[in-house]
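*Asks:* please find the sequence and the predicted model below.
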Amino acid sequence: MEGTASGTDMELGLALVFGVLGFGGAVLMYVAAMGGNQVLSGWGFAAAMLAGVLAVAALHLYE
């Protein structure tokens, strides 16, 4: 089997880091919502969305 090798794994590494940060933001959003803190829940949502956007951008940027 032939495969292609890339010079760097930055694409995968950044996507994983931002994916974990996005998951953390989603957990923060859920925990804050269960506690009744809507402002903190909103910030958790914003963090999750931003991390998701950056993960997709990293995949495309280092392709």
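*Replies:* Everything's here; your move.
*Asks:* can you tell me what sits against the helix or strand hosting Ala58?
*Replies:* In the assignment (DSSP states H and E), Ala58 maps to helix 38-61. For helix 38-61, contacts defined as Cβ atoms under 8 Å, 6 or more residues apart in numbering pick out 10-11, 14-15, 18-19, 21-33. Using the backbone N, CA and C atoms, a C-beta is placed for each residue, glycine as well.
*Asks:* where does this protein dip in pLDDT?
*Replies:* Along the chain, segments meeting pLDDT under 70 span 1-7.
*Asks:* remind me, longest helix of it?
*Replies:* helix 10-35 (DSSP state H).
*Asks:* distance from the chain centre to that helix, please.
*Replies:* Averaging C-alpha positions (Cα atoms, centre = their mean, to the nearest Å) puts helix 10-35 5 Å from its chain's average.
*Asks:* check stretch 38-45 too.
*Replies:* Worked out by Cα atoms, centre = their mean, stretch 38-45 lies 16 Å from the chain centre.
*Asks:* give the buried residues for that stretch.
*Replies:* Using 16 or more other Cβ atoms under 10 Å as the test for burial, stretch 38-45 gives 41, 44-45.
*Asks:* and it, C-alpha only, in PDB?
*Replies:* Output of stretch 38-45 as PDB, limited to C-alpha atoms (Å, rounded to 0.1, in the frame of the first residue of the first chain):
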ATOM      1  CA  GLN A  38     -26.700  31.800  32.300                       C
ATOM      2  CA  VAL A  39     -23.900  34.300  31.800                       C
ATOM      3  CA  LEU A  40     -21.200  31.700  32.500                       C
ATOM      4  CA  SER A  41     -23.200  29.200  30.300                       C
ATOM      5  CA  GLY A  42     -23.100  31.700  27.500                       C
ATOM      6  CA  TRP A  43     -19.300  32.100  27.800                       C
ATOM      7  CA  GLY A  44     -19.000  28.300  27.700                       C
ATOM      8  CA  PHE A  45     -21.000  28.200  24.500                       C
END
